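**Q** next comes the sequence, and after it the predicted model I'd like to discuss.
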Amino acid sequence: MSSAAEAATTARTEPRVRTRKPLRKRLARIPFYLLIAAIFVYTVFPFIWAIRSSITPDGDLFSTPLQYFPSHPTLAHYREVLSSGEFQRALINSTIVAGTVTLISLALGSIASYALGRFRFRGRAFAMYLMLSMTIFPQIAILGALFTLINKFGLYNTLPALIFSDLILTLPFTVWVLTSFMAALPKDLEEAAYVDGATPFQVFYKVLLPLVAPGLVTTGLLAFITAWNEYLYALSFTQDPQHHTITVAITTFTSGKGNTFEQPWGQIMAATVVVTVPLIVLTLMLQRRILAGLTAGAVKG
Amino acid sequence: MAGLVGAVALVASLAAATVGNAKPTASPTVVKQSAAIGAPAVPNAAKLRAKYKGVQLTFVGDNAVGGSHVRDLALAKKFTHDTGIKIKVLPHPEKSDESYSQLARNFSSKSSAFDVVMMDVVWPGAFAPYLVDLKKSLGKQAKLHAQGIVANDTVGGKLIAMPWFGDFGILYYRTDLLKKYGYKSPPKTWTQLGTMAKKIQNGEKAANPNFAGFVYQGNSYEGLTCDSLEWIASVGGGHFIDGGKASINNAKAAAVLNLQRSWVGTIAPRGVTSYGEEEARIPFTNGNAAFMRNWPYAYSSGVAAGSKIKGKFSVTVLPHGPGASSVGTVGGWQLGVSKFSKHKPAAIEFVRYMTSPAVERFNAITNSNVPTIPSVAKDPAVRRTNPYLKPEIATVARVTRPSRFLKGHYNEGSKIIYQGINQILNGADAKSVLPGIQSRLNRLLK
Amino acid sequence: MSSTTEASSVARPRKRRRSNLQRKQTRLAWVLLLPALAAVGFVAFYPLGQTVYYSFTDQQFLAGIEPTKWVGLENYKDLIHDTLFRDAVVLTVKFTLITVFFEFLLGMIIALVVNSGFKGRGVMRAMMLVPWAIPTVVAAQMWKWMYNDIYGVVNDAGVRLHLLSHNVAWISQPNTALASVAAVDIWKTTPFVALLLLAGLQVIPTELYEAARVDGASAWQQFWRITLPLLRPAILVALIFRTLDALRVFDVFNVFFGNRPDTQTMAIFAQDTIVGTGDVGYGSAVCVAIFLIIGLFTVIYVTFMRVEQQ
């Protein structure tokens, strides 16, 4: 508690020390900054290129010499995408599927990780590997049988079909990541609570869960995006545009000219930007909460 | 967690605020044209109504989004209106692989869920055991269609599918560049194409380093089977498989393939061995290529407003070799009736309607679908909306890929072909690759 | 720990209660575990079981024409002698090693930067998720056109910046093909690794670094002695799941190369066998082989990491 306060004070006093750094040290940081810049360009440039493509009229998209910024920028692609009933529907569908998958994964996964990370019992390793093994098969392998199963339960062309199928993809790593977080917490953390007469559930909910908050947010984000981006099941288990998710909808954009070859790239890029920006905003909102949750936990400890 | 839920709610409410009832969207021109000429009336409507009124058919049709779906719905609606037979239009999956899988799964489980199905031109061979023989009922109507396609749809003597609409490969060329470099007409032979492309490319590259002489579909996929069939068949090298036996290993085929190989990196870009349809269309419509082989679909983007080559290009048949004639590989779609359908006679009547000259004309005018009936291709209204259907193109000999010989093994056989030819384009000698292709194809045909 | 010393010095009744407690704990653990296992197992059990079953038959994709026969281990015998599959395995493993290495390198750098007091980290934090957020099929197509040798921006920018002398056909040329597709995968999934490592970094108490700094440890020593060991669980998980995904890579290769024999990954080989050739029996055997190969990697990782710990 005092060390936390110490850490806080040293953090506060750090800036004052930083102002007088020798030139040698500052120059030594240049390769570091260059590396950061290179990584930043590598990561971000394709997305900037996507944004550029989304506001470029069709005729100029691939004309050479390349226009890094379109000479006649247009919002037509965004208009087409956002006014499309199918796209709006797909956005809702994707949100429902990804949101539900994430909530279920976190709920079931955190409970499972409590058991796997804090209890010692025979079959613990077996359970972890069993969970892992179910996610190892290539998607194409289980596609056919999964299709039969979904048909048998009358779930073909419904969103629950996608929710169940995506759980195979998200639950295993959610369990594994949260387990590693749970296992990393100090061993006698629950002792004090048990002595006070807490039930296992209270220990889980009040003591452990807040401390693995960064893990929860991380796996939640990754699970959401995994389900959001899933393509093969979404394509195979839905029949009509009413049940398409965003990934399928984007790839079914047609130029309206009645052929299957032409890809309306401007629209596809606009759609990609539209579905990506909320995810970025979501991340920003949640990342701040990670840090808030963390400092709260440290003070309580 | 509250943040996540909040964001979800925000997106959902945003979307809900603007959602309509997901009506299929199509470009305004398509809707206008559909309205301008209505779906044709059903001949024999009264007789059909008397026999089959109330029957419900499921038709696995074209893509869910766009003009194709609008067309399917319009035709289904008219058919129901005239005959009382209800048609449920089920759009097939966008991706070809997935569409094939959907039908395969349906037939494998002997399901009666689909009555009439839309099939790619290379699938009838594989699905033949599951389809009804239409020779007795629709054989006469089949005579109206291009015979090359009908032959493709006849497996083991049975007519198991009717041609519906058909693409085929054509040559696009830059009229302004031909004029600039002193050529009066497009190339008639492959050698001429090579010479012209080289001269034009050398001239243009000075000002435009991204210019290429000739672009086509060279990636290791089904499209290459189409392109290479044109090369080989147009020089008298056969059709990969003729009369039930692999015929690809011959001198003429080797010669034309080696010629194409010599062009990669010289008059065709080095990257052409990874090009699909779009990778070829994009440079051409942006003015960076002199010649292109592609399906007719590329024509409309060339004449669209804002196109860099508007008014500067035209189309013709692909070149041929000495002593042989030009050809075009058939792409396109067929209609078949499932053997497991509970309403086969009614389904056959629906196919009869859909593949009639009147409906093909409707498709061609409203949705630019290339008709498989040559007489329809000559119709002035059709030619107006599909200007590439010039006489010499409309009557070009159409060649089909060997699906009726390979049947269920078509995918495997096509893979052997396009993988081998892709290797040749990437530098291998055709004379050393073709024997291997031939023997492996023969093994499949056994 | 104190409870065990207590227990050993007391008579039998305590011991019985302790084993009761342990049994209660075990039961509770399984109860907690069951929902997650059931959710995945229920959906996965039947398909996985069917795949294994099919691998012992000659099941066809277009079924119903000929009856399916049991063929025992024949599919597996053929698989061992299949040079195409062997090539696919080699290629996929090569791809996996390259991409996982770079993803960890870049992921670690990004995680460290975002976790530090570095000024630009807010922006970095938001942008680092972007590649992971774009649907794979769209990203693959986008990169394919960025690499194009006529209208691609990679060539255009490269030539403009004088990094390239002329346009390169990145995808077609065999010597740049693997690198070009690896660059896409690294771009796409580094965020996954970075995010996991970042979460791991954030639970390391800052007091440890403070104490180390007071003791005079350099930044590098702090990284090596404090960060890496405490990050081990996060690294292990990230390593396993990244490798798992890399070994099953499909989309990018399919979009870039179609069905080229020299760039067939294991997953493409499996898909091609099941849907293309239509040989579900053999394809299922391939999938089981892929499963075993991935399992092998997992065992290696876990063993290696556990040995280090001791």
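**A** Alright, I've got the coordinates.
**Q** wondering if the lengthiest helix in chain C reaches chain A at all.
**A** The helix that spans the most residues within chain C, counting by DSSP state H, is helix C:12-54. Yes: Helix C:12-54 reaches chain A (CB under 8 Å from any CB of the partner chain) through C:22, C:25-26, C:28-30, C:32-33, C:35-37, C:39-41, C:43-51. The C-beta positions use only the backbone N, C-alpha and C, and glycine is treated the same way.
**Q** and the stretch 201-310 of chain C, which of its residues are near chain A?
**A** Neighbours of chain A within the stretch 201-310 of chain C, by CB under 8 Å from any CB: C:202-203, C:205-207, C:210, C:230, C:233-234, C:236-237, C:240-241, C:244, C:248, C:250-251, C:266-267, C:270-271, C:274-275, C:280, C:283-284, C:287, C:290-291, C:294-295, C:298.
**Q** the helix or strand where residue C:235 lies: what's the following helix or strand?
**A** Secondary structure from DSSP states H and E places residue C:235 in helix C:228-247. The element immediately downstream of helix C:228-247 (helix or strand, assigned by DSSP H and E) is helix C:251-257.
**Q** which elements pack onto that following helix?
**A** The elements that helix C:251-257 packs onto, with contact taken as 3 or more CB pairs under 8 Å, 6 or more residues apart in numbering or on different chains; DSSP states H and E, are helix C:136-146, helix C:174-202.
**Q** got the angle between the next helix or strand after the last one and helix C:228-247?
**A** The helix or strand immediately downstream of helix C:174-202 is helix C:206-214, counting by DSSP H and E. What separates the directions of helix C:206-214 and helix C:228-247 is an angle of 120 degrees, with axes from the mean of the first three to the mean of the last three CA atoms, to 10 degrees.
**Q** quick one: average pLDDT of helix C:206-214?
**A** Helix C:206-214 shows a mean pLDDT of 86.
**Q** CA atoms of the next helix-or-strand element following that helix as CSV?
**A** The helix or strand immediately downstream of helix C:206-214 is helix C:219-222, counting by DSSP H and E. Output of helix C:219-222 as CSV, limited to C-alpha atoms (Å, rounded to 0.1, in the frame of the first residue of the first chain):
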residue,chain,number,x,y,z
ALA,C,219,16.5,-1.6,-18.5
TRP,C,220,17.7,-4.6,-20.3
GLN,C,221,18.3,-6.5,-17.1
GLN,C,222,14.9,-5.6,-15.8
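**Q** name the helices or strands packed onto helix C:219-222?
**A** For helix C:219-222, the packing partners by 3+ CB pairs under 8 Å, 6+ apart come out as helix C:206-214.
**Q** for the helix it packs on, buried residues please.
**A** Residues of helix C:206-214 classed as buried by neighbour count (16 or more other CB atoms under 10 Å in any protein chain shown): C:206, C:209, C:212.
**Q** one step back: mind checking the pLDDT average for the longest helix of chain C?
**A** For helix C:12-54, mean pLDDT rounds to 81.
**Q** quick check, the very next helix or strand once past that helix touching chain A?
**A** Next helix or strand after helix C:12-54 toward the C-terminus (DSSP H and E): helix C:74-80. No: Helix C:74-80 does not reach chain A (CB under 8 Å from any CB); its nearest approach is 13.5 Å.
**Q** let's have the helices and strands packed on helix C:251-257 in TSV, adding distance to residue B:374, mean neighbour count and mean pLDDT.
**A** Shown next, in TSV, are those (distance: least, CB to CB, whole Å; neighbours: other CB atoms under 10 Å in any protein chain shown; pLDDT from 0 to 100):
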stretch	distance to residue B:374	mean neighbour count	mean pLDDT
helix C:136-146	37	22	92
helix C:174-202	44	22	91
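**Q** and of the ones you listed, who's closest to residue B:341?
**A** helix C:136-146 (33.9 Å; CB to CB).
**Q** tell me the angle of that closest one relative to helix C:174-202?
**A** On the basis of the same axes, to 10 degrees, helix C:136-146 is oriented at 130 degrees to helix C:174-202.
**Q** only alpha carbons, please: show helix C:136-146 as PDB.
**A** What follows is helix C:136-146, C-alpha atoms only, in PDB (Å, rounded to 0.1, in the frame of the first residue of the first chain):
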ATOM      1  CA  THR C 136      -9.500 -11.800 -43.300                       C
ATOM      2  CA  VAL C 137     -11.100 -12.300 -46.800                       C
ATOM      3  CA  VAL C 138     -11.200  -8.500 -47.300                       C
ATOM      4  CA  ALA C 139      -7.600  -8.000 -46.000                       C
ATOM      5  CA  ALA C 140      -6.300 -10.800 -48.300                       C
ATOM      6  CA  GLN C 141      -7.800  -9.200 -51.400                       C
ATOM      7  CA  MET C 142      -6.700  -5.800 -50.400                       C
ATOM      8  CA  TRP C 143      -3.100  -6.900 -49.900                       C
ATOM      9  CA  LYS C 144      -3.200  -8.900 -53.200                       C
ATOM     10  CA  TRP C 145      -4.000  -5.700 -55.000                       C
ATOM     11  CA  MET C 146      -1.400  -3.700 -53.000                       C
END
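**Q** what sits up against that helix?
**A** If you take CB atoms under 8 Å, 6 or more residues apart in numbering or on different chains as the criterion, helix C:136-146 is touched by A:46, A:49-50, A:62, A:229, A:231, A:247, A:250-251, A:263, A:265, A:268-269, A:272, B:274, B:279, C:131, C:134, C:151-154, C:171, C:183-184, C:187-188, C:251-252, C:254-256.
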